[in-house]
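**Student:** structure of the sequence below:
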Amino acid sequence: MKPYVVGIDIGGTNTVFGIVDARGQVLASDSIKTMKYVDFDDYVEELHKELSRLIKANDMDDKIQGIGIGAPNGNYYTGEIVNPPNLPWGPRIPLAEKVSKAFGGIPVAVTNDANAAALGEMTYGAARGMKDFIMITLGTGVGSGIVINGQLVYGSDGFAGELGHVIVKRNNGRICGCGRTGCLEAYCSATGVARTAREFMEIRKEPSLLRDLPVEEITSKDVYDAAVAGDKISKEIFEYTGTILGEAFADMIAFSSPQAIILFGGLAKSGDILLKPIREALDKNVFPIFRGKTKILLSELKESDAAVLGASALGWEAKYRYEAKVPVAEEADPQPAPEAKA
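**Tutor:** Predicted coordinates for the structure are as follows:
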């Protein structure tokens, strides 16, 4: 019997799930609305109902051998979601336990969405064969997954690797969604690019295609389109963003000396308009012993399948751990997660 796993990606708006084979083919997928369910048990019930329907429709009853879940603030050690942003279910959600129980004891593993993306890239994408790389997701926020010697870095508590929240502006930095100031995410996410555009529109006086848009409605896509059309200010916005990223990457390389930094997400599709200033700033700031050693690559995962594939890679891990009877807790002695802030 061929083995299959399920990958589930829990987003603030939608939960996407799919059945994946050992070659990384998404055989079937579907989704439910995440925020429709205020009660977590109701959410799990609907997830079980719709995923079971998908499994049955594809004649895969009794063939699913693992479930991997990527979720905001998903903790690999405990299987919980802890203090999740934009989810209504409380500060500590026993995700792995309840999903496994709903599916009759199928092994379930959980991590955050950026770590899942790194696993997907290592299993199916641009990082195949690599043992040391960093995955950076450039979307609404900036996420990251760090792989060293073939292992994801989870740290003592399961939350290590939040490179989107390293401080890149120590003085008078922007307020980040995490509550601190000056984080990489506040500048180099899609929302960060839009914030830069609004600041530039206020400070700069020269003509720009962006002035044709309501300033509070400018998106990173608007900035990209204007830059491609030759708009000088929009090009400078991408230079500003890419320079900050390149400087941050130089620091990341000093930490783990990765073979590659792999970029994923909507902003990564900007191509050379973003990659050129990243590489220039990286070359200028990297510690000399590391110069020229780390590649900047784009993800090879199809965007439509990436979330499911990333989570499914964790599903294979859950399967193998179950067969070997190795509990996740043996990997480390995780410290208690922080309680929700008042």
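**Student:** drop to CA atoms for contacts and neighbour counts, all remaining ones
**Tutor:** Will do.
**Student:** other SSEs contacting the lowest-mean-pLDDT helix or strand in the chain?
**Tutor:** Ranking every helix and strand in the chain by mean pLDDT, DSSP states H and E puts helix 303-324 at the bottom, with a mean of 87. For helix 303-324, the contact count by 3 or more CA pairs under 8 Å, 6 or more residues apart in numbering; DSSP states H and E identifies strand 4-10, strand 14-20, strand 26-33, strand 64-70, strand 108-111, helix 113-124 as packing neighbours.
**Student:** and the helices in the stretch 101-250 of the chain, which stretches?
**Tutor:** For the stretch 101-250 of the chain, applying DSSP state H, counting those that start in this stretch gives helices covering 113-124, 185-188, 190-203, 220-228, 232-256.
**Student:** to Gln25, which of these lies closest?
**Tutor:** Nearest to Gln25, of all those, is helix 113-124, at 9.4 Å by CA to CA.
**Student:** just the residues contacting the closest one, thanks.
**Tutor:** Counting contacts by CA atoms under 8 Å, 6 or more residues apart in numbering, the residues outside helix 113-124 that touch it are 9, 23-24, 69-72, 74, 127-130, 134-137, 143-147, 152, 299-301, 306-307, 309-314.
**Student:** format the helices of the stretch 101-250 of the chain as TSV; extra columns: distance to Thr294, mean pLDDT and mean neighbour count.
**Tutor:** Compiled in TSV, the helices of the stretch 101-250 of the chain are given as follows (distance: least, CA to CA, whole Å; pLDDT from 0 to 100; neighbours: other CA atoms under 10 Å):
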stretch	distance to Thr294	mean pLDDT	mean neighbour count
helix 113-124	16	92	27
helix 185-188	20	97	28
helix 190-203	24	96	19
helix 220-228	26	97	19
helix 232-256	8	98	20
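**Student:** any chance of those helices in a markdown table, plus distance to Asn58?
**Tutor:** Written out in a markdown table, the entries for those read as follows (distance: least, CA to CA, whole Å):
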| stretch | distance to Asn58 |
| --- | --- |
| helix 113-124 | 23 |
| helix 185-188 | 40 |
| helix 190-203 | 37 |
| helix 220-228 | 37 |
| helix 232-256 | 43 |
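**Student:** pLDDT weak spots in the protein?
**Tutor:** In the predicted model of the chain, residues 327-342 satisfy pLDDT under 70.
**Student:** quick check: which of the helices and strands packed on helix 303-324 is buried the most?
**Tutor:** Neighbour counts (mean count of other CA atoms under 10 Å) averaged over each of these peak at strand 108-111, with a mean of 30.
**Student:** paired strands for that strand, with orientation please.
**Tutor:** The strands beside strand 108-111 in its sheet (DSSP bridges) come out as strand 64-70 (parallel).
**Student:** how far off centre is the very next helix or strand once past the partner strand?
**Tutor:** Once the chain leaves strand 64-70, the next helix or strand it forms, by DSSP states H and E, is strand 81-82. Chain-centre distance of strand 81-82: 15 Å, with CA atoms, centre = their mean, to the nearest Å.
**Student:** packing partners for the next helix or strand after strand 81-82?
**Tutor:** Reading on from strand 81-82 to the C-terminus, the next helix or strand found by DSSP H and E is strand 92-93. Under the contact definition 3+ CA pairs under 8 Å, 6+ apart, strand 92-93 sits against strand 81-82.
**Student:** what helices or strands is the strand it packs on leaning on?
**Tutor:** Here strand 81-82 touches strand 92-93, going by 3+ CA pairs under 8 Å, 6+ apart.
**Student:** now the angle from the least confident helix or strand of the chain to helix 113-124?
**Tutor:** Counting by axes from the mean of the first three to the mean of the last three CA atoms, to 10 degrees, helix 303-324 lies at 80 degrees to helix 113-124.
**Student:** in helix 303-324, what counts as buried?
**Tutor:** By 16 or more other CA atoms under 10 Å, the buried positions in helix 303-324 come out as 305-319, 321-322.
**Student:** check stretch 275-284 too.
**Tutor:** For stretch 275-284, the buried set under the neighbour-count rule, 16+ other CA under 10 Å, comprises 275-279, 281-283.
**Student:** among the residues you listed, which pair sits farthest apart?
**Tutor:** Largest pairwise distance in the buried residues of stretch 275-284, by CA to CA, is 12.1 Å, between Leu275 and Asp283.
**Student:** still on that earlier bit, quick one: which of the buried residues of stretch 275-284 is nearest to Ala102?
**Tutor:** Nearest to Ala102 among those, with distances taken as CA to CA, is Leu275, at 44.4 Å.
**Student:** and the buried residues of stretch 275-284 as JSON lines, adding distance to Ala28 and secondary structure?
**Tutor:** Formatted as JSON lines, the entries for the buried residues of stretch 275-284 read as follows, by distance: CA to CA, whole Å; DSSP: H, G, I helix; E, B strand; the rest coil:
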{"residue": "Leu275", "distance to Ala28": "34", "secondary structure": "helix"}
{"residue": "Lys276", "distance to Ala28": "37", "secondary structure": "helix"}
{"residue": "Pro277", "distance to Ala28": "39", "secondary structure": "helix"}
{"residue": "Ile278", "distance to Ala28": "37", "secondary structure": "helix"}
{"residue": "Arg279", "distance to Ala28": "38", "secondary structure": "helix"}
{"residue": "Ala281", "distance to Ala28": "42", "secondary structure": "helix"}
{"residue": "Leu282", "distance to Ala28": "40", "secondary structure": "helix"}
{"residue": "Asp283", "distance to Ala28": "43", "secondary structure": "helix"}
